[in-house]
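[1] This is a predicted model, with the sequence first.
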Protein chains: 2
Amino acid sequence: MRLRTATDVGAAIRGRRRALGLDQKGLAKRAGVSRQWVIDIERGKPRAALRLVLRALEVLGVVLRIDESAPAPSSHPLPSGAIDLDAVLKAHREPRGKRT
Amino acid sequence: MRLRTATDVGAAIRGRRRALGLDQKGLAKRAGVSRQWVIDIERGKPRAALRLVLRALEVLGVVLRIDESAPAPSSHPLPSGAIDLDAVLKAHREPRGKRT
DNA sequence: ATTAATTGTCATCGATCGACGACATTGTAT
DNA sequence: ATACAATGTCGTCGATCGATGACAATTAAT
């Protein structure tokens, strides 16, 4: 399944929760959140805190991953052309502190 | 890459942003957030709003997906045993409204 | 119909968000 | 060294969060 919107995340959480036979109360306790929060997130709350969402997913045993090989965004395309090259160099220089 | 914590998300965003040759300002504008927000999220802000995170990832062309076939959580294991069966039935009954 | 479990609604309240602008710091290029 | 761009810091402020508890609504089972 792919997650694009907060609604998707909510659906994913509700789906997994049910698949595991947990009620909202149970998930809330295991994830360290309120039952109200579970209700909200399953409804697709857009401003839910990232940390809590990740915790809920963790508790549900949901593995979140990103596709490393994603092309350029559709709308607002990047400057194009040589940018990629500059980008590679720029990124490789690690502008800001980063332990290596 | 796998995303477990807010820090992971931040790293993913910063990584993709650089790989695309975007500066924080550019990402901020495209994602409709403040530059301050970008700074914070890249640092792993745990309470960042889900919606904004998803938007940023979208803009960066990052595809988020979850593994449907995840086993039971490690800590706080589920009741165990017959639970799965009950769960399947329970979930299949679709307790709360769900257009089918 | 009655009971119990699950889910949803509502109001309250301290804590935090996210945008904004000004400024400081760092890195890079010349 | 100078200049410029990118990044990070700081404070302000209206908006929203997330926890809690009480209550209503819905569902399933008997």
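    That came through, no problem. Numbering: from 1, shown residues only, chains lettered A, B, ... in the order given.
[2] need the residues of chain A near DNA strand D, please.
    Residues of chain A lying near DNA strand D by Cβ under 7 Å from any atom of the strand: A:32-37, A:40, A:45-49, A:52, A:95-96. For every residue, glycine as well, the C-beta is placed using N, CA and C.
[3] Among those, which lie within helices?
    A:35-37, A:40, A:52 (DSSP state H).
[4] Buried among those? Need that as a selection in ChimeraX.
    To isolate the buried subset of these in ChimeraX, counting by 16 or more other Cβ atoms under 10 Å in any protein chain shown, use the following:
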select /A:37,40,52
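[5] May I ask which two of the ones in helices among the residues of chain A next to DNA strand D are separated the most?
    A:Arg35 and A:Leu52 (12.9 Å; Cβ to Cβ).
[6] which of the residues of chain A next to DNA strand D sit farthest apart?
    Farthest pair in those, by Cβ to Cβ: A:Arg35 and A:Pro95, 44.2 Å.
[7] re earlier: and of the residues of chain A next to DNA strand D, the nearest to A:Arg18?
    For the residues of chain A next to DNA strand D, the minimum distance to A:Arg18 (Cβ to Cβ) is 15.3 Å, reached by A:Arg35.
[8] How about residues contacting stretch A:50-60?
    If you take Cβ atoms under 8 Å, 6 or more residues apart in numbering or on different chains as the criterion, stretch A:50-60 is touched by A:9, A:12-13, A:16-17, A:20, A:22, A:27, A:30-33, A:37-38, A:41, A:64, B:3-6, B:9, B:45-50, B:53, B:66, B:70, B:73, B:76.
[9] Just the buried residues of those.
    Using 16+ other Cβ under 10 Å as the burial test, those include A:9, A:12-13, A:16-17, A:20, A:22, A:27, A:30-31, A:33, A:37-38, A:41, A:64, B:3, B:6, B:9, B:45-46, B:48-50, B:53, B:66, B:73 as buried.
[10] Good, wrapping up.
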